[in-house]
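Trainee: Mind looking at a prediction? Sequence and model below.
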Amino acid sequence: MTQRAPSGAAVLKPDVTAAIIRAVLAELVERSYARLSMEGVAKRAGTSKSALYRRWPTKQDMVLAVLADISVPMADVTETGDLRRDMRAAAESMAAWLASEPYAKIIPDLIAEAHRTPALAEAISVSLAKPRRAQLRSLLTRAIDRGDLPADTDMEMAQDLVAALIYWRMVVRQAPAEPRYLDHVTDTALRALRATGTGMREA
């Protein structure tokens, strides 16, 4: 016997959700986070504001849910057991994320807005930064278990090294991250991690 949804229950149609996601990304690119509105997203998606509010309680929740659903999986790297190869893949993944449309425009704007809005900064950390960093942390932890990195490797610093170099080059300097540059980043990060046995260790 087929169960029916309770009377008055929201039915979240996949095609409407997909249209909303496309609209969120387009509005972020064209209008920026600060100027994006639920009204604008609903109009572009060809739906109602109530359809948005049935899915997300606020603009912030909507934007970060959309970005996290796409961005977090992009950080996933298939581990090979070769630390240099895995780190190189992580570097390439980071560069591809920052270079891809629409994130090349969205991420810098979102980070700038976060500097002005502490609550947004915290939400970005929870929804985007921590899940993406967790994937690299897992890779590094297994490298330590194999003996490829010192047991007291500073995990916080290790997770920062590759991302910081690539972000600075691509977002701040607006320079491309060519394959040779990613090779250099990988090798520089590995030399630094293998050379430091102590330092700021994450609690």
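Mentor: Done, it's in.
Trainee: can I get the CA coordinates of stretch 127-137 in CSV?
Mentor: In CSV, the C-alpha atoms belonging to stretch 127-137 read as follows (Å, rounded to 0.1, in the frame of the first residue of the first chain):
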residue,chain,number,x,y,z
SER,A,127,29.8,24.4,5.9
LEU,A,128,32.7,24.7,3.5
ALA,A,129,36.1,25.0,5.1
LYS,A,130,36.0,22.3,7.7
PRO,A,131,34.5,19.6,5.5
ARG,A,132,37.0,20.3,2.7
ARG,A,133,39.9,20.4,5.1
ALA,A,134,38.8,17.1,6.7
GLN,A,135,39.4,15.3,3.5
LEU,A,136,43.0,16.5,3.3
ARG,A,137,43.5,15.8,7.0
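Trainee: Give the rounded mean pLDDT of it.
Mentor: On average, the pLDDT along stretch 127-137 is 92.
Trainee: Can you report how many residues neighbour Leu83?
Mentor: 21 (other C-beta atoms under 10 Å). Placement of C-beta: from N, CA and C, glycine included.
Trainee: which residues in this structure form helices?
Mentor: With DSSP state H as the criterion, the chain has helices at 14-35, 38-45, 49-53, 59-74, 83-99, 103-116, 118-124, 130-146, 155-167, 179-195.
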